[in-house]
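*Asks:* Here is the input, now give the coordinates:
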Amino acid sequence: MKTWRCTGASVVGQGHERFGTPCQDAHAWAQLNDILILTSADGAGSAKHAEWGSALAVETAVEHLITHILARPEDHTSKKGTGRLLDAIADAFAAARDAAVELADSKQVALRDLASTLLVAVVSGGFMAVGQVGDGAIVGSLDGDEGFRAITKPFHGRYINETAFITQENYTDYLQLQVIEGEVREIAVFSDGFETVAINYATGQPNSALFNGLFQFMNATPETAIRLEALRRLLSGERIAQKSDDDKTVILATCIDDANAEQRCA
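*Replies:* Residues are numbered from 1 along each chain as shown. Take a look at the predicted model:
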């Protein structure tokens, strides 16, 4: 069974702090045996209740995928099931949007007030399946890779601060879905506040030096609290703030060879 070590954080950006706005990013994950689920969401800055929308999106997506995995474990132990797994990820996006519709009705707010992006990754033996609507990205390193590869690409509209949200009626027009075959060693999921340091916009490729450093630290640091504090300091630091004053979310997961290492994300 695969053993995963995970650390994730969402921190408020300096731009939001100046105006007293709460962090509008959210993240969640789960591990079922050797199957890993990672999710991240970024509430739209223009949405009145963006923090509700992002939190609801990640929670709903994880719950939906856990239900699917428990009901159809064969979809995750064989590559023959990857088509159904992609369908389950697509359904998780639909479930997240439906949950936003229900919350908007119950709170008597406009659906656009809950606008949020959503990124989902499901990692299993020999492959991973991903889905994304909006900006942010998923990058990873598989057996045989010399560095890190872009698994998904951030979507931006005419302007860099324009993107798509799961609350849009046509969100499926922007839904990226794909299966990547191979044994995943490391994977990172992050919001657009981290894009400017994580992605080379000219080439679309990840900053391998950055991710090499992050995962070297992950592999060398078994203590959960130390990893989490270090990640929060990095995301809140001035170096990254100079690139973006937006909220920032990063989830890092690395496959640990030590049989005595933790078997749950922490």
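
*Asks:* got the contact list for the closest residue to Val11 other than its chain neighbours?
*Replies:* Counting by Cβ to Cβ, 6 or more residues apart in numbering, Leu235 is the residue found nearest to Val11 once chain neighbours are left out, at 4.5 Å. Every C-beta, even on glycine, is put in place using the N, C-alpha and C of the backbone. Taking Cβ atoms under 8 Å, 6 or more residues apart in numbering as the criterion, Leu235 is in contact with Ala9, Val11, Gly193, Phe194, Lys248, Val250.

*Asks:* State the number of residues packed around Asn33.
*Replies:* Using other Cβ atoms under 10 Å, Asn33 has 14 other residues around it.

*Asks:* For it, give its distance to Asp87.
*Replies:* The gap separating Asn33 from Asp87 is 21 Å, by Cβ to Cβ, to the nearest Å.

*Asks:* With Ile37 instead?
*Replies:* Plainly put, Ile37 is 16 Å away from Asp87 if you go by Cβ to Cβ.

*Asks:* of these two, who's got more company?
*Replies:* When Ile37 and Asp87 are compared for neighbours, Ile37 comes out ahead with 24 against 14, by other Cβ under 10 Å.

*Asks:* what helix or strand is the nearest residue to that one once chain neighbours are set aside on?
*Replies:* Nearest residue to Ile37, sequence neighbours excluded (Cβ to Cβ, 6+ apart): Ala30, at 4.7 Å. Element membership for Ala30, per DSSP states H and E: strand 25-32.

*Asks:* starting at the chain centroid, how far to that strand?
*Replies:* Relative to its parent chain, strand 25-32 has a centroid offset of 8 Å by Cα atoms, centre = their mean, to the nearest Å.

*Asks:* quick one on the thing from earlier: among the contacts of Leu235, which one sits closest to Gly182?
*Replies:* Using Cβ to Cβ, Val250 comes nearest to Gly182 of these, at 22.4 Å.
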